[in-house]
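Participant: Have a look at this prediction, sequence included:
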Amino acid sequence: MYHINEISKLINGKIIGEDNLEFSKLSPFFEADPEDLTFAADESMLKNIAGTKAKAVIVPVMEEYPDGKAYIVLEQNPRNVLPILLNFFKPKMQKPEKQIEDSAKISENVLIGINSYIGHNVEIGENTVIHPNVTIMEGVKIGKNSIIYSNAVIREFCVLGENVILQPGAVIGADGFGFIKDKNGDNVKIEQIGNVILEDNVEIGANSCVDRGAIGSTVVKRGTKIDNLVHIAHNDIIGENCFIIAQTGISGSVEVGNNTVLAGQVGVAGHLKIGNNVVVAAKSGITNDIPDNSKMSGYPLRPHMEDLRVKMSMGKVPELIKRVKKLEKLLKNEEK
């Protein structure tokens, strides 16, 4: 547990309200539990302090501090101290000691191939198959009837449901791409202390990567299938029964609805919301939210039929240019 006075001192804050609180972890604003600490860094959060269940909130200086919570008040935007907080709350890892750690809980009929590492406090459900050369790090939980193929890596504290399949080389829970510039212009890494949750019946293709949340979880929901060479960034929420096809890249903090299809080589900008039952054609670029039941394509992104008309029109451009030049020549001759 972490004490509020310890954290306030760490980030040079001032406590307003209850000063004898303890926290289990740092959590995102809208996902925090009552025993968590969170931070409010923008207007949408500051105007909705009641929207978080956390009993303490890190905030900038405010005119009023709503009742019912404790506050750690900073003279700057709380985002500026995020690297300090993430480093402070980063879980402490145990050293590897043997190929299958004694604290691992392995259920009946689990098959483990040679050269696979099973970390401290790992839990593996019954009838799961772990192929050779797999790395499963500390605190991972894997449900029953799952298959983990060779050279897959499951990083610490990630959670896999039942009937999950990881194809060869899949990486679950790698660090999200988080850096800031320091005062000297150097890139400073922001620790990523969240995890990944793969719900039941999820399949992750060969050499695809699902990054851990910076804070909180990256989630792939029930029944979703992800093809080879796909990148899912930190804190994404991918809905149920989606198809994410090869070489698609989804930036951080994107929410994808249920039954949505992102075809091959689609690129998605960060912090967007893609609705339910959406289909986006191959090689499209998504830079804005997409409502439910949309069929979209192209870059800039348009409704699919409109995009087809635009592409057909583009094929006529060379001939139109010739005709315009011919008309210009005729007009010049008439002027003479």
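Facilitator: Looks like it arrived, so ask away. Treat the numbers as computed from the prediction; the structure is a model and nothing was measured.
Participant: backbone phi and psi for the residue nearest to Val266 when sequence neighbours are not counted, please?
Facilitator: Spatial nearest neighbour of Val266, chain neighbours left out: Thr248 (4.6 Å); criterion: CB to CB, 6 or more residues apart in numbering. Placement of C-beta: from N, CA and C, glycine included. Main-chain dihedrals, Thr248, degrees, to the nearest 10: phi -80, psi 140.
Participant: Next, the contact list for Thr248, please.
Facilitator: Residues in contact with Thr248, defined by CB atoms under 8 Å, 6 or more residues apart in numbering, are Asp227, Val230, His231, Leu262, Ala263, Gly264, Gln265, Val266, Gly267, Val268.
Participant: change it to 7 Å
Facilitator: By CB atoms under 7 Å, 6 or more residues apart in numbering, the contact set of Thr248 is Val230, Leu262, Gly264, Gln265, Val266.
Participant: From these, list the buried ones, please.
Facilitator: Val230, Leu262, Gly264, Val266 (16 or more other CB atoms under 10 Å).
Participant: isn't the second one right up against Val280?
Facilitator: Yes - the pair Leu262 and Val280 qualifies as a contact (CB atoms under 7 Å) at a distance of 5.1 Å.
Participant: quick check, nearest of the buried ones among the contacts of Thr248 to Gly125?
Facilitator: Val230 (25.1 Å; CB to CB).
Participant: where does that closest one land on pLDDT?
Facilitator: What the model reports for Val230 is a pLDDT of 98.
Participant: pretty sure it contacts Cys242?
Facilitator: No - Val230 lies out of contact with Cys242 (CB under 7 Å); the separation is 11.2 Å.
Participant: For the longest helix belonging to the chain, which helices and strands make contact with it?
Facilitator: Ranked by residue count and defined by DSSP state H, the top helix of the chain is helix 317-335. For helix 317-335, not one helix or strand is in contact under the criterion 3 or more CB pairs under 7 Å, 6 or more residues apart in numbering; DSSP states H and E.
Participant: Centre of the chain to that helix, how far?
Facilitator: Its chain's average C-alpha position is 53 Å from that of helix 317-335, according to CA atoms, centre = their mean, to the nearest Å.
Participant: mean confidence score for stretch 150-160?
Facilitator: The model assigns stretch 150-160 a mean pLDDT of 98.
Participant: Is the nearest residue to Gly205 once chain neighbours are set aside in a helix, a strand, or coil?
Facilitator: Nearest residue to Gly205 in three dimensions, chain neighbours excluded: Asn228, at 3.8 Å (CB to CB, 6+ apart). With DSSP: H, G, I helix; E, B strand; the rest coil as the basis, the three-state label of Asn228 is coil.
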